[in-house]
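Trainee: Next input, structure requested:
(4 chains)
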Number of protein chains: 2
Amino acid sequence: MHRIKRNTILLSQGEICRYTFKVVTGCFKSYVIDSSGKEHILQFAPEDWYISDLDSLVNEKPSVLFIEAIEDTTYIRLTKEELQSFSKDEQNRKLVNSVISLQNRLVALLSSTAEERYFDFINAYPSMINRLPLKLIASYIGVTPEYLSEIRRKLKEK
Amino acid sequence: MHRIKRNTILLSQGEICRYTFKVVTGCFKSYVIDSSGKEHILQFAPEDWYISDLDSLVNEKPSVLFIEAIEDTTYIRLTKEELQSFSKDEQNRKLVNSVISLQNRLVALLSSTAEERYFDFINAYPSMINRLPLKLIASYIGVTPEYLSEIRRKLKEK
DNA sequence: CACATTTCTTAAACTACCTTAATCATTGTC
DNA sequence: GACAATGATTAAGGTAGTTTAAGAAATGTG
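Mentor: Take a look at the predicted model:
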């Protein structure tokens, strides 16, 4: 079991990812930084979630993602070999869940407005809303903090 | 081995997906239709690719996706049980590849402009460019056909 | 071949979302 | 408890991408 402080980076873009991290308490985020320096969050990992750059881990190539603690966090880390020693069923379930969650995000990004994606987020992660700053939610749903702030104001006015 | 004509739908939104389809010759697309009736393509599956709605297949719930032949296509279909009889390694590789390709699309949608995503598409699927109508490429990269047409014109002017 | 249907292009008006910048609120730190 | 740093809000102006509509090109069909 490992213990790290908020804002600590566990994996940086360009490094080869050697582990999958399983959160015990706290929360991680994975994100990319685009050519203009902006951060875009792909995943939050609160208690019991797994987080990793699978492409980097499996194919031993440089990661495109950062993984960083957004709260003081305790976690377990699993090497590729340890992951592979999981039962076939267990491994499958985890991989299938990853596919499903990415597919759902993709569908939402392609076919919903920012306001709809904000509702989706609230429904999918009701307990995260009070735990995350607006800034991070905005980055996850794919808008600027200023625009999410405007969305919230419009919702109150109703 | 099954054989179907262009424009035939193999899976519709709302149905439970019973198979993973492996293309022998031809090409499938998977897509969603949003609340305003617009189509958004998630994946193309040319020769040797697999396509399915994993969430629906594995959890036996109604599919959100359509799967449709965009050329006359021959394919093999695999039930959930047949898929599970694959070697652990083979199954893992396929699932990991799905995660990676979805993750790449997500990163692109969050952090690139439409023009950059068009370049990404050309680089990732050079052989598909001549095979797909503009309309379908536009749907895949997440813009209207009119706007992709404009992107192409601007590129020619350079 | 002729006709219908679908696809592609162009252009003008529009909108969802971004940028910048200023102000205020909250949090962390010595 | 003061001050710095970070986060949230608001507003004005800008831009990437959409909508609508119409015509041109390509494709399918009897």
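Trainee: How about the helix of greatest length in chain A and DNA strand C, any contact?
Mentor: In terms of residue count, the longest helix belonging to chain A (DSSP state H) is helix A:88-111. No: on the criterion C-beta under 7 Å from any atom of the strand, helix A:88-111 is out of touch with DNA strand C, staying 9.7 Å away. Placement of C-beta: from N, CA and C, glycine included.
Trainee: Downstream of that helix, the next helix or strand is which one?
Mentor: Using DSSP states H and E, the helix or strand that directly follows helix A:88-111 along the chain is helix A:114-124.
Trainee: What is that next one packed up against?
Mentor: If you count contacts as 3 or more C-beta pairs under 8 Å, 6 or more residues apart in numbering or on different chains; DSSP states H and E, helix A:114-124 packs onto helix A:88-111, helix A:134-141, helix A:145-157.
Trainee: tell me the mean pLDDT for that helix?
Mentor: If you average the pLDDT over helix A:114-124, you get 95.
Trainee: ok, and does that helix reach over to DNA strand D?
Mentor: No: using C-beta under 7 Å from any atom of the strand, helix A:114-124 never reaches DNA strand D; the gap is at least 11.9 Å.
Trainee: returning to that earlier point: counting by contacts, list what the longest helix of chain A packs against.
Mentor: Packing partners of helix A:88-111 (3+ C-beta pairs under 8 Å, 6+ apart): helix A:114-124, strand B:28-33, strand B:39-45, helix B:54-59, helix B:88-111.
Trainee: okay, the angle between the last one and helix B:134-141?
Mentor: Following axes from the mean of the first three to the mean of the last three C-alpha atoms, to 10 degrees, one obtains 100 degrees for the angle between helix B:88-111 and helix B:134-141.
Trainee: Hmm, residue A:122 and residue A:129 touching each other?
Mentor: Yes: counting by C-beta atoms under 8 Å, residue A:129 touches residue A:122, with 6.0 Å between them.
Trainee: Would you mark the buried spots in the longest helix of chain A?
Mentor: Across helix A:88-111, burial judged by 16 or more other C-beta atoms under 10 Å in any protein chain shown covers A:91-92, A:95-103, A:105-111.
Trainee: orientation of it relative to strand B:39-45 in degrees?
Mentor: Using the same axes, to 10 degrees: helix A:88-111 against strand B:39-45 is 140 degrees.
Trainee: Need the mean per-residue confidence for helix A:88-111.
Mentor: Average pLDDT, helix A:88-111: 93.
Trainee: can you check stretch A:144-158 too?
Mentor: In this model, stretch A:144-158 carries a mean pLDDT of 91.
Trainee: Is that stretch in proximity to DNA strand C?
Mentor: Yes: using C-beta under 7 Å from any atom of the strand, stretch A:144-158 reaches DNA strand C at A:144, A:146-147.
Trainee: now the helix or strand residue A:78 falls within and strand A:28-33, what's the angle there?
Mentor: Using DSSP H and E, residue A:78 falls within strand A:73-79. Put simply, strand A:73-79 runs at 70 degrees to strand A:28-33, going by the same axes, to 10 degrees.
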